[in-house]
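Chemist: Kindly generate the corresponding structure for this input.
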Amino acid sequence: GSTYGLEDGTKGLNNRFVKEARDVIVYETNPDEISNIVITLFKNDKSIVLVEGKDYVVNKISKAGEWFKYEYIIYATNFMEDGTYHISIYSEDKAGNIAENNLDVKNVEINFGVDKTLPKVIVTNLESKQTYPVDKLSVLMQATDNMKLVNIMVELDGKLIASWDEEQIIQMGADLQDFVFDIIGDSTHAHTVTITLTDVAGNQCIETISDFYVTTNLWVQFVNNKLLFYGSIAAVIGGGIVFIPLWRRRRRRREARG
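Modeler: From the prediction side, this is the model:
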């Protein structure tokens, strides 16, 4: 019967998630000539019988006197959409033997996933250019991906303050829990938070929230309350403008009496 092999690039693709698919190249070798080739693509929850000449090509690459060797090139256009893929190759030889690449005795399964979509994060209670007058702000966020997240990192002013690995992310999802990290309310300077999400294919989402304060310092709160701060300055200046003419009028009256 047949034996199967994978081209080096296909070996690198197999059992992985990738951002961009490439042609899948499989070799089948048999002592007899083969026929009745059927290649089936399992995409997510549906199966598709591929069409030779359109979806793939078969090249006979053996020389005279050698065993029959065939090269199947399954075009990358079959894997353009995000999803999980499995490829089954069926053939019959002249001796009547049936071969399939995913039989236990062959054990050359072809499985991979394509994921071009960036992860997503929603932060529910932290915004740029805001001041939070609390001792500690527990920030809530929801992180999702169309395939699988493998890492989440949170940095505060360039320093790592929270992270979750693949196993922890899976457990959080199973428990329907939000991701939470804390910011202590002692800032006298503006903060920047950077959240980095990485999925199984290496896609990254980077969310930055900047120029915010978490502080119980009343002066810092006052200065960074722009409406109150500038309103107070305007009131002081306006009061001075009113006071100066009144002071001059009173002085002139005293001089006139004297």
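
Chemist: Show the model's pLDDT score for the residue nearest to Thr215 when sequence neighbours are not counted.
Modeler: Ranked by C-beta to C-beta, 6 or more residues apart in numbering and with sequence neighbours excluded, the top spatial neighbour of Thr215 is Ser187, at 4.8 Å. C-beta coordinates here come from the backbone N, C-alpha and C atoms, glycine included. Looking at Ser187, its pLDDT is 79.

Chemist: ditto for Pro245
Modeler: On pLDDT, Pro245 comes in at 58.

Chemist: Equivalent analysis for Ala234, please.
Modeler: 41.

Chemist: i'd like the first residue to be 51 from this point on
Modeler: All set: I'll call the first residue 51, so the last point we hit is now Ala284.

Chemist: who's in contact with the residue positioned nearest the centre of the chain?
Modeler: Most central in the chain under C-alpha atoms, centre = their mean is Pro169, positioned 3.0 Å from the mean C-alpha point. By C-beta atoms under 8 Å, 6 or more residues apart in numbering, the contact set of Pro169 is Ala193, Thr194, Asp195, Leu199, Leu247, Thr248, Asp249, Asn253, Gln254, Cys255.

Chemist: what do you get if the cut-off is 6 Å, keeping everything else the same?
Modeler: Asp195, Leu199, Leu247, Asp249, Cys255 (C-beta atoms under 6 Å, 6 or more residues apart in numbering).

Chemist: ok, of the residues you listed, which come out buried?
Modeler: Using 16 or more other C-beta atoms under 10 Å as the burial test, those include Asp195, Leu199, Leu247, Asp249, Cys255 as buried.

Chemist: Distance check, the residue nearest to the centre of the chain against Asn151.
Modeler: From Pro169 over to Asn151 the distance is 33 Å, taken as C-beta to C-beta, to the nearest Å.

Chemist: Lys144 too?
Modeler: 19 Å.

Chemist: More neighbours: those two, which one.
Modeler: Asn151 (23 against 12; other C-beta atoms under 10 Å).

Chemist: Hmm, the more buried one is touching Ile139, no?
Modeler: Yes. Asn151 is within contact range of Ile139, at 4.5 Å (criterion: C-beta atoms under 6 Å).

Chemist: how about Thr127, secondary structure?
Modeler: Recorded secondary structure, Thr127: helix (DSSP: H, G, I helix; E, B strand; the rest coil).

Chemist: excluding its backbone neighbours, what's nearest it?
Modeler: That would be Asp105: by C-beta to C-beta, 6+ apart, it lies 7.7 Å from Thr127.

Chemist: same check, this time on Asn152
Modeler: Here the residue nearest Asn152, using C-beta to C-beta, 6+ apart, is Glu159, at 4.8 Å.

Chemist: Can you check what pLDDT the model gives that neighbour?
Modeler: 88.

Chemist: So what does it have for phi and psi?
Modeler: phi -70, psi 150 (degrees, to the nearest 10).

Chemist: now do Asp82
Modeler: phi -120, psi 160.

Chemist: Name the strands paired with the helix or strand that contains Ser97 and say parallel or antiparallel.
Modeler: Secondary-structure assignment from DSSP states H and E places Ser97 in strand 96-99. Next to strand 96-99 in the sheet, as set by DSSP bridges, lie strand 84-93 (antiparallel).

Chemist: could you give the mean pLDDT of the partner strand?
Modeler: For strand 84-93, the per-residue pLDDT averages 95.

Chemist: returning to that earlier point: tell me who's in contact with the residue nearest to Thr265.
Modeler: Tyr263, Val264, Thr265.

Chemist: In these, which has the lowest confidence score?
Modeler: Ranking the contacts of Ser237 by pLDDT, Thr265 lands last with 90.

Chemist: And the pLDDT for Ala224?
Modeler: pLDDT, Ala224: 88.

Chemist: number of nearby residues for it?
Modeler: Neighbour tally, Ala224, other C-beta under 10 Å: 8.
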